[in-house]
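Chemist: After the sequence you'll find the predicted model.
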Amino acid sequence: MKAVAMILPGNDTLIGSAFDDTLYGFGGNDVIRGGGGDDIVFGGAGNDWIFGDGVADWMRGQAGIDTINGGAGVDTVDFADKGLAVTLILYRVSTRRGQTSVVTLLLAGGALAALAGALTGVLV
């Protein structure tokens, strides 16, 4: 089962289900939680807080200064629509009960290779 939810412009809170959801934040400073399942989350305009919460989530913050937390599992954070003007701060990459958290970053125009050369440390 897959659910699609969209919220109106403004500051909203959206919480997904235990299934695979597609969630759209649109305008405003939103808080979006994917819930269980493999979710697709778009933050939209505004300074959003996005939480994947599921197993393998795909998240795109879009316009604004967004905070993205993938949660457990192997997640993808897509910055392809940002061009090269991305500031990325990795707060924590950790292990839990023998499992390693993995984050995949997608950047426009092959910028991931340039980013890899600019990383100065990894937080564990």
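Modeler: Yes, it's here. This structure is a prediction, so every number in the text was calculated from the model and none was measured.
Chemist: What is the burial count for the closest residue to residue 40 other than its chain neighbours?
Modeler: Leaving aside its sequence neighbours, residue 40 sits nearest to residue 22 (Cβ to Cβ, 6 or more residues apart in numbering; 4.5 Å). Using the backbone N, CA and C atoms, a C-beta is placed for each residue, glycine as well. Burial of residue 22 is recorded as 16 neighbouring residues (other Cβ atoms under 10 Å).
Chemist: Same question for residue 13.
Modeler: Applying other Cβ under 10 Å, we find 10 residues neighbouring residue 13.
Chemist: circling back: show me what the host helix or strand of the residue nearest to residue 40 is packed up against.
Modeler: In this structure, residue 22 sits in strand 20-24 according to DSSP states H and E. Under the contact definition 3 or more Cβ pairs under 8 Å, 6 or more residues apart in numbering; DSSP states H and E, strand 20-24 sits against strand 2-6, strand 40-42.
Chemist: what's the average pLDDT for that strand?
Modeler: For strand 20-24, mean pLDDT rounds to 90.
Chemist: That strand: what's the following helix or strand?
Modeler: Criterion used, DSSP H and E; the element after strand 20-24 is strand 31-33.
Chemist: Buried ones in that next one, by neighbour count?
Modeler: By neighbour count on 16 or more other Cβ atoms under 10 Å, the buried set for strand 31-33 is 32, 33.
Chemist: And stretch 31-51, by the same measure?
Modeler: Quick answer for stretch 31-51 (16+ other Cβ under 10 Å): 32-35, 37-44, 46, 48-51.
Chemist: neighbouring contacts of it?
Modeler: 11-30, 52-69, 71 (Cβ atoms under 8 Å, 6 or more residues apart in numbering).
Chemist: Check the closest residue to residue 69 other than its chain neighbours and give its pLDDT.
Modeler: Using Cβ to Cβ, 6+ apart and skipping residues adjacent in sequence, the residue nearest residue 69 is residue 51, 5.0 Å away. Per-residue pLDDT puts residue 51 at 88.
Chemist: Just list whatever residues bridge to residue 51.
Modeler: Counting by DSSP bridges, residue 51 is bridged to residue 33, residue 69.
Chemist: distance of it from residue 79?
Modeler: 17 Å (Cβ to Cβ, to the nearest Å).
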